[in-house]
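Participant: What follows is a predicted protein model with its sequence.
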Amino acid sequence: MSSLERAAAGPGVELIEREAVLLDEQRWDAWLALYTPDCEFWMPAWKADGTLTTDPQRELSHIYYGSRAGLEERILRIRSGRSAASTPIPRTTHLVGQIFATAPPSADLLQLRSSWMCSVFFPRSGESQVFFGRAEHRLVLRDGHWLIARKKTVLLNDVLPTMFDVYCV
């Protein structure tokens, strides 16, 4: 990435990196606070090799939440132990990189693209998996803070040998 592209990404780079750390540290409240109340969190599925679904309302998605309330409900289930797939909670390490602006930034909007990789250890089975993909973030400035208004994540190794959840991306 050129220094110009990284400069255009500005505060968004730090926000995306912080999001990954908060997931790894299971700091759920701080992670949720990165999202606007009306955010969209979407991981489309593949229709066929090379073709993603385009409408989360009409087509299959790996993950879709149309607001932060959906994410909050998911985290509530994880915390409460009512998510059998997440008990005990897997341990993760996220690596994000190649973060750059995909459109000229404005005073209150940043659109970024990144690549990511997440190593996940599942204590119940003693197994590890690595998931990887790319993400698009739309960040908005609200009350002096940059927040995530939309996150679209494309999972590139989508033949999933085990369970998968929001903390894996």
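Facilitator: Thanks, I have the structure now. Remember, it's a predicted structure, so these values are computed and weren't measured experimentally.

Participant: Quick check, pLDDT for residue 4.
Facilitator: pLDDT, residue 4: 49.

Participant: ah, wrong one, I meant residue 87
Facilitator: 77.

Participant: OK, contacts around it?
Facilitator: 81, 124 (CB atoms under 8 Å, 6 or more residues apart in numbering). Placement of C-beta: from N, CA and C, glycine included.

Participant: got it, and residue 95?
Facilitator: 20, 116, 117, 118.

Participant: Out of the residues you listed, the closest to residue 29 would be?
Facilitator: Nearest to residue 29, judged by CB to CB, of the contacts of residue 95 is residue 20 at 16.3 Å.

Participant: Mind checking which of the contacts of residue 95 are in helices?
Facilitator: residue 20 (DSSP state H).

Participant: In JSON lines, list the contacts of residue 95 along with pLDDT, distance to residue 53 and neighbour count.
Facilitator: As requested, the contacts of residue 95 are arranged in JSON lines below (pLDDT from 0 to 100; distance: CB to CB, whole Å; neighbours: other CB atoms under 10 Å):
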{"residue": "20", "pLDDT": "97", "distance to residue 53": "25", "neighbour count": "20"}
{"residue": "116", "pLDDT": "98", "distance to residue 53": "20", "neighbour count": "23"}
{"residue": "117", "pLDDT": "97", "distance to residue 53": "23", "neighbour count": "16"}
{"residue": "118", "pLDDT": "96", "distance to residue 53": "21", "neighbour count": "23"}
